[in-house]
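# sharing a model prediction with you, sequence too.
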Amino acid sequence: MFRAIVLEQKPDKSTAASLRELDESALPAVEFGGVDVDVVASSLNYKDGLAISGKSPVVRKWPMVPGIDFAGVVRASSHAEWEPGDRVILNGWGVGEGHWGGLAQKARVNGDWLVRLPEPLDPFDAMAIGTAGYTAMLCLMALEKRGVAPGAGEILVTGASGGVGSYAVALLARAGYRVVASTGKAAEADYLRELGAAEVLPRETFAAPGKPLQKERWAGVIDSVGSHTLANACASTRYGGTVAACGLAQGMDLPLTVAPFILRSVALIGVDSVMATRARRVQAWERLARAVDASLVGAVARRIGLAEAIEVAPTILGGSVRGRIVVDVNR
Ligand code: NDP
């Protein structure tokens, strides 16, 4: 038997979440290359907030165990790459949406979806980073690929006190960039400076409709907010600059003109973590293992037990949660 959070769809299409004891035979079948994992830690991401609250149609199969990421230890494997005792991480691949996810003591997944947990991270560190930190690293890699180097100028991070934002600030600062953080939480300015932000701006600077072209300031942007914020960020990016867009905390719309692209050669790069190639995942996690230390994990993450996740997950959607929430599935 194992404990899991289970989501069910009620007749009125709302979502009911409960903590259950399940038999291992309930774990979903994996056609080939299946790996059984004893989950050690999972985490709460924005998407988990949507799934558990039922606020957005994130869940595609019912019943569903939510949790888009987890870290743990392989218990049984029919996949050539994995054997019992291996320490693994999973991010995305539709886990927690179309396939049972990490908010459980056990998971059964396709071995192709797993990445080896790099030293010196432990499963709790890995989930303190989680999908948010891994996505922030993919965004940083997207900026680098376009030649945005530390000396190139200031980098704007929006939604800075959130999970993606916190890691974007810290990873950029540790790589030598000058980071300007935009946040709706004035009280978190010191937190953001501690992570490495050189300057903190209020969220309102970017949140309302703005001009198609604004004063050029950013050499690069990491945006997890979308909507007017992303539009204003593009409009104030310097000639030849790069904007990495990965989120929609303000909204899914993008009310902007082509002016930044055709007059300033600005590049808007989409970053998806869910279906990213294995090679990029491995590269991102190896870099995270080198860049993230205990002090960063301690500053960004707090730990809760599995049962608490049901109540805490929806609070992420209000934008009031700082940093990351790690779920100890055995607590
Ligand atoms: P969090 O909730 O931790 O962070 C989101 C942050 O956005 C908030 O903390 C807040 O930061 C800011 N925010 C919230 N509401 C608003 C608003 N109305 N207007 C402007 N800013 C707002 O979520 P995550 O960091 O986990 O995820 C952030 C986004 O990135 C989500 O949309 C998520 O779905 C997406 N994402 C995408 C991935 C991908 O693969 N593309 C992977 C992971 C996440 P502050 O108060 O500091 O402004």
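That came through fine. Residues are numbered from 1 along each chain as shown.
# which element follows the lengthiest helix in the chain toward the C-terminus?
If you go by DSSP state H, the chain has its longest helix at helix 123-145. Tracing the chain C-terminally past helix 123-145 and defining elements by DSSP states H and E, one meets strand 154-157 next.
# partners of that next one, with directions?
strand 178-183 (parallel), strand 218-223 (parallel) (DSSP bridges).
# next, the angle strand 218-223 makes with the longest helix of the chain.
For helix 123-145 against strand 218-223, the angle by axes from the mean of the first three to the mean of the last three C-alpha atoms, to 10 degrees is 140 degrees.
# what are the buried residues along helix 123-145?
123-143 (16 or more other C-beta atoms under 10 Å). Any C-beta I mention is one placed from the backbone N, CA and C, and that applies to glycine too.
# circling back: mind checking which of the strands paired with strand 154-157 is nearest the ligand?
strand 178-183 (3.3 Å; C-beta to the nearest ligand atom).
# that closest one and the ligand in contact?
Yes. Strand 178-183 reaches the ligand (C-beta under 6 Å from any ligand atom) through T183.
# and the closest residue to the ligand within the chain, what's its pLDDT?
Closest approach between the chain and the ligand, counting by C-beta to the nearest ligand atom: G162, at 1.9 Å. pLDDT recorded at G162 is 96.
# torsion angles phi and psi at it?
Dihedral pair for G162: phi -80, psi -170, per degrees, to the nearest 10.
# am I right that it is in contact with V321?
Yes. At 7.3 Å, G162 and V321 qualify as touching, with contact defined as C-beta atoms under 8 Å.
# quick one: which of these two has more around it?
G162 (27 against 20; other C-beta atoms under 10 Å).
# once you drop chain neighbours, what's closest to the more buried one?
S224 (6.2 Å; C-beta to C-beta, 6 or more residues apart in numbering).
# mind checking the SS state of G176?
For G176, the secondary-structure state derived from DSSP: H, G, I helix; E, B strand; the rest coil is coil.
# that one: neighbour count?
G176 has 10 nearby residues by other C-beta under 10 Å.
# tell me who's in contact with it.
P150 (C-beta atoms under 8 Å, 6 or more residues apart in numbering).
# and it, how far from A313?
Using C-beta to C-beta, to the nearest Å, G176 is found at 35 Å from A313.
# need the contact list for the most centrally placed residue in the chain.
Geometric centre of the chain, nearest residue: A132, 2.1 Å, by C-alpha atoms, centre = their mean. Counting by C-beta under 8 Å, 6+ apart, A132 makes contact with 43, 45, 162-164, 166-167, 324.
# taking those one by one, which sit in helices?
163-164, 166-167.
# gap between the closest residue to N45 other than its chain neighbours and I304?
Excluding the flanking residues, the one nearest N45 by C-beta to C-beta, 6+ apart is T131, at 5.1 Å. Per C-beta to C-beta, T131 is found 17 Å from I304.
# repeat for M275
28 Å.
# have a look at these two and say which one is more surrounded.
Using other C-beta under 10 Å as the criterion, M275 and I304 rank with I304 on top: 17 against 8.
# using TSV, lay out the contacts of A132 together with distance to C246.
Converted to TSV, the contacts of A132 look like this (distance: C-beta to C-beta, whole Å):
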residue	distance to C246
S43	17
N45	12
G162	11
G163	11
V164	6
S166	14
Y167	11
R324	15
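# most neighbours, which of those?
Counting by other C-beta under 10 Å, top hit in these: V164 with 33 neighbours.
# pretty sure that one is touching A244, no?
No. Look at V164 against A244 with C-beta under 8 Å: they stay out of range, at 10.4 Å.
# list the residues that contact both of those two?
Listed as contacting both V164 and A244 by C-beta under 8 Å, 6+ apart are 139, 222.
# confidence score at D223?
98.
# just use 19 as the starting number from now, easier for me
Okay, residue one is now 19; in that scheme the one you just asked about reads as D241.
# what's the neighbour count on it?
Using other C-beta under 10 Å, D241 is surrounded by 32 other residues.
# the helices in the stretch 169-318 of the chain, which residues?
Secondary structure of the stretch 169-318 of the chain by DSSP state H, counting those that start in this stretch: the helices cover 181-192, 207-213, 222-225, 245-253, 277-282, 296-309, 312-318.
# most neighbours per residue, which of those helices?
Ranked by mean neighbour count, the helices of the stretch 169-318 of the chain are led by helix 181-192 with a mean of 28 (mean count of other C-beta atoms under 10 Å).
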